[in-house]
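**Q** build me a model:
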Amino acid sequence: MVSNKLKMRGNLIHYIKWPLYLNIIWMVFVVVGYIVNIKAGAIMTFAEAVYLIITVCIYFLFRQNIMKNLVDFGVEYSQMQHQMIQQMEIPYCLLDENGKIMWTNNQMDAVCNGKTIRNKLIYSVFSGVEKENLVFEEDGRNEFEIKFMDKVYRIILRAFSMDDMEDVGSAMLMENLNNGLISMYLIDETQIHQLTKENRDEKTVTGHIYIDNYDEVLQSVEATRRTLLVALIDRKINKYFAQYDGIVRKLENDKYFVIFKTKYIRKMQTNKFSILDEVKTVNIGNGLPVTLSIGVGMGGNGLMDNYDLATAAIDMALGRGGDQAVLKDGNKLYFYGGKSKSVEKNTKVKSRVMATAFRDLIETKETIYIMGHHIGDNDSFGASVGFYRIAKTIGKQAHIVLGKVSSSVTPLVEMFRKSEHYDKDMFISGTWAATNIGKNDAVIIVDCSRSGYTEHPELLKKAHCILVFDHHRQAEDVIDNAQLSYIEPASSSTCEMVVEIMQYIPETVKINNLEAEAVYGGIMIDTNNFTNRTGVRTFEAAAYLKRNGADITKVRRMFRDDIEDYKAKATAIQNTEIYKEKYAISICDAKDVSSPTVVGAQAANELLNVKDVKASFVCTPYNDQIYISARSLDKVNVQLMMEEFGGGGHMNLAGAQIKDKPLDEVIQLLKNIIDKRIEEGDI
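**A** Numbering: from 1, shown residues only. Next comes the predicted model:
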């Protein structure tokens, strides 16, 4: 029997009461009837009374049956809905606001291998769901993916309120739920992920392969055996990519083009592109091992995109010194190899080409701004002076953007400022340059190829023409909008590159003694008195500067250490820790010296003279940062190690600047990197 407490609500009760409402209309007609005729009004009154009695009787007699039928329909409808949700093919459950599972359908139980998960917290059942996922924005909807039982599910969470539910059961439920419920749906996307992966794996990857030292290797072997050497190299490359179902085509004597499927990339990454080491085993009497540079492009929207990515990757590999593979997956870069020193080219064809391109570019410009890296050293300053003289020779107005410099550069700067041969605005600040640079001006970046490391990065944002000259290996954040980029890791210094540019522009560049000594000093400091990374072209550049008046003895005197610097360097060496019997780690606490970072670099150089030390790392706290100077011998690539700190440099000479980390943590991270490299067999 239906409870008397149940009441009809909404449009239904109004619909049932309409016959009662019509009595009001009858009353109007009765009044009108009396106005027209009293007898007619009486008849209308009798008819209205009969209608009212019948209407009231019908309402009260049939109301209970109507209510019973409505309740029966509601129960059946509710049971039908419950059955539909219970048997719904999509796994579904209800949670309270705390993540407790209140109800599940059959599919949700099936996902959990038939185990009941009711009254459990959702976090304990699905590890991929976090408490933060139950916090909703205005739309009351969260969506994310998880892995569960070897499958991938997309979870949809919806928050809803029961304020509009007015039945007694809902009201009691509301009191226990704090006015909220969360529905959760699981969408099985395992097959979609599998098909997506298969589609991605079947896409074509393109790659470029260059032989770094083709000419040098051929020259080191007898003429009659050169054909055999080339054939062996070709065989190694073709055999390596054949196992990955790749197609290799030789474009030039030292260049190859390769295509293969994306699914083989993982294997190549696992063996770290072993072809880099395999090709070095080719030896039929050649005096030099063969090294390759590989650039692979993937992740583009099509074959042409991947080709462009591969071209950018091979440029990066060559810019980092060769003997390595660079994988460019969209905007991500991955590096493999890089265990050999950059090969110095005996030919100066590239220098001549770059000199011509440089001359053509700045000829159309009005003012030339020359800028090095932050806390300029001798190489940065010497190269700036060299380009300043070239610009003046061509007849252009030139300025050197100068900020804080190392202590060894300060005396040189003062000499130039006191000289009568130079304009007073030879040296300017970065702020002044950024304010006055025009559309027809050019900015030359020296000894640096990363915008964040330049003396004044804001100047690059306003420059319409940028030229980059650097001898460090390229990093991921290299300046990519330069009209001319000449990065030569095989050069000992940027000053060496400047000297070669001087000799190949059409105008005859005449440098005086002071300029020659500034450029010579850059070469001398970067080569550690011509003991590191020197080649034939290094000594040719030094000879050119000597012929133009560089006083070698004067330069040596200029770069002698102060006694405080010497003591700080000696203290750093004394407190050195030899880690793993081969790696020297020290702290240079040079508080009382003018250039702590220079002292740290000198200490790192000195530590390489210790027996059995393969690499040295000196950490120098300075200006709320920690500067790491890294040096190495043999095949320890400190550049890759410093890149993990956001730095870079050369294979045997690199550095990094670390912010917001304590010294102890930096040293521990350094040790972890060394351990990782040892485990992977890289050092």
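**Q** ok, which stretches of the stretch 451-600 of the chain are helices?
**A** Per DSSP state H, counting those that start in this stretch, the stretch 451-600 of the chain carries helices over the ranges 457-462, 494-504, 513-526, 536-547, 552-558, 563-574, 596-607.
**Q** residue 372: which of these is closest?
**A** Nearest to residue 372 among those is helix 494-504; the distance by Cβ to Cβ comes to 8.4 Å. Glycine gets a C-beta too; all of them are placed from N, C-alpha and C.
**Q** which neighbouring elements make contact with the closest one?
**A** When contacts are defined as 3 or more Cβ pairs under 8 Å, 6 or more residues apart in numbering; DSSP states H and E, helix 494-504 packs onto helix 349-363, helix 378-394, strand 466-470, helix 513-526, helix 536-547.
**Q** same list (those) but as CSV, adding mean neighbour count and mean pLDDT.
**A** Listed next are the helices and strands packed on helix 494-504 as CSV, based on neighbours: other Cβ atoms under 10 Å; pLDDT from 0 to 100:
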stretch, mean neighbour count, mean pLDDT
helix 349-363, 16, 86
helix 378-394, 26, 93
strand 466-470, 25, 92
helix 513-526, 26, 91
helix 536-547, 18, 90
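**Q** and stretch 93-110, end to end?
**A** Its first and final residues considered, stretch 93-110 spans 12 Å by Cα to Cα, to the nearest Å.
**Q** may I see the buried residues of it?
**A** By neighbour count on 16 or more other Cβ atoms under 10 Å, the buried set for stretch 93-110 is 93-96, 99, 101, 104-105, 107-109.
**Q** biggest strand in the chain, by residue count?
**A** In the chain, taking DSSP state E as the definition, the longest strand is strand 151-160.
**Q** can you list the buried residues in that one?
**A** Buried residues in strand 151-160, counted by 16+ other Cβ under 10 Å: 152-153, 155-157, 159.
**Q** and those residues, which two are the farthest apart?
**A** Going by Cβ to Cβ, the pair spanning these furthest: 152 and 159, at 24.0 Å.
**Q** all strands in the stretch 51-200 of the chain, in order from the N-terminus.
**A** Secondary structure of the stretch 51-200 of the chain, counting by DSSP state E, counting those that start in this stretch: strands at 92-95, 101-104, 141-148, 151-160, 181-188.
**Q** mind listing residues that contact the first one?
**A** With contact meaning Cβ atoms under 8 Å, 6 or more residues apart in numbering, strand 92-95 is reached by 85, 101-105, 107-108, 117, 122, 134, 181-186.
**Q** try it again with 7 Å
**A** 85, 101-105, 107-108, 122, 181-185 (Cβ atoms under 7 Å, 6 or more residues apart in numbering).
**Q** as JSON lines, the residues you listed with pLDDT and distance to residue 325 would be great.
**A** Output for the contacts of strand 92-95, formatted as JSON lines (pLDDT from 0 to 100; distance: Cβ to Cβ, whole Å):
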{"residue": "85", "pLDDT": "72", "distance to residue 325": "55"}
{"residue": "101", "pLDDT": "85", "distance to residue 325": "50"}
{"residue": "102", "pLDDT": "83", "distance to residue 325": "55"}
{"residue": "103", "pLDDT": "83", "distance to residue 325": "55"}
{"residue": "104", "pLDDT": "85", "distance to residue 325": "51"}
{"residue": "105", "pLDDT": "86", "distance to residue 325": "52"}
{"residue": "107", "pLDDT": "85", "distance to residue 325": "47"}
{"residue": "108", "pLDDT": "86", "distance to residue 325": "47"}
{"residue": "122", "pLDDT": "87", "distance to residue 325": "45"}
{"residue": "181", "pLDDT": "82", "distance to residue 325": "54"}
{"residue": "182", "pLDDT": "85", "distance to residue 325": "49"}
{"residue": "183", "pLDDT": "87", "distance to residue 325": "50"}
{"residue": "184", "pLDDT": "89", "distance to residue 325": "45"}
{"residue": "185", "pLDDT": "88", "distance to residue 325": "44"}
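**Q** does residue 534 really touch residue 492, like I thought?
**A** Yes: Residue 534 is within contact range of residue 492, at 5.5 Å (criterion: Cβ atoms under 7 Å).
**Q** give me the common contacts of those two.
**A** Contacts common to residue 534 and residue 492, judged by Cβ under 7 Å, 6+ apart, are residue 527.
**Q** between those two, which is the more surrounded one?
**A** When residue 534 is set against residue 492 and neighbours are counted by other Cβ atoms under 10 Å, the residue ahead is residue 492, at 28 against 19.
**Q** what's the nearest residue to the more buried one once chain neighbours are set aside in contact with, if anything?
**A** Excluding the flanking residues, the one nearest residue 492 by Cβ to Cβ, 6 or more residues apart in numbering is residue 538, at 4.4 Å. By Cβ under 7 Å, 6+ apart, the residues touching residue 538 are 492, 496, 523, 527.
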